[in-house]
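[1] curious how this folds, go ahead:
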Amino acid sequence: MGLLDIFKKNNKSADPHASNDRGIMVFENTSEVIRAENVLKHNGWRVRVMGPPPEIRTGCDLVIEIPLIEHLNIHRLLAEAGVSPLKTVPVSGPLLEPVNIFFTHDFGDFLMVRAANMKITIEKKSLLIVNISGGGCPDVPYLARKMVGRKLGDAPSPRSIGHTLCGYALDMAYEEIKKQCLQ
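    The predicted structure follows:
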């Protein structure tokens, strides 16, 4: 293993949010964000999907936060996979900070996590999923039917059975609530 390979390996596993040298990649639509995230994670990059800062928001979209020093390698990889960002913007100040899309609400016996416009609520004692709500996509009722009444961790991943932005956002909420409750 050469020095360049060691550098790449070390930077892939580094936390992209730990440094001030962060950037955000802006894509044309949410489907491209999902494809780019899959490509990057499959290739070992630790990236984070966030809400875009208000200054660059164009609608119902997401951005990917990356280690800025690696943007050329990341762009090259994405171009090879056929998905390229519209632009990469350095996070140079508070106005360009990506927005956290997770919100957690503790209701005593119940815990709710919201990601974007999708919410998942569990009973804390039993870890039973008691509610799925939000969004306006056609697969939300199907996702709710498949998940409500099942224990956290036993329900199917929304990403594996959903096909819309709402399914993707619900998957993010599902993974976040699992991280909070199962670790």
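
[2] got a list of what residue 109 touches?
    By C-beta atoms under 8 Å, 6 or more residues apart in numbering, the contact set of residue 109 is 123-125. For every residue, glycine as well, the C-beta is placed using N, CA and C.

[3] let me know the pLDDT of it.
    Looking at residue 109, its pLDDT is 96.

[4] related to what we said a few turns ago, buried only: go through the contacts of residue 109 for me.
    For these, a burial check counting by 16 or more other C-beta atoms under 10 Å picks out residue 123.

[5] the residue minimising distance to the centre of the chain: what secondary structure?
    With distances taken as C-alpha atoms, centre = their mean, the residue of the chain nearest its centroid is residue 49 (3.9 Å). Of the three states, residue 49 takes strand according to DSSP: H, G, I helix; E, B strand; the rest coil.

[6] what's the answer for residue 170, then?
    Applying three-state DSSP: residue 170 is helix.

[7] that one: neighbour count?
    34 (other C-beta atoms under 10 Å).

[8] is it true that it touches residue 160?
    No - using C-beta atoms under 8 Å, residue 170 makes no contact with residue 160, being 11.4 Å away.
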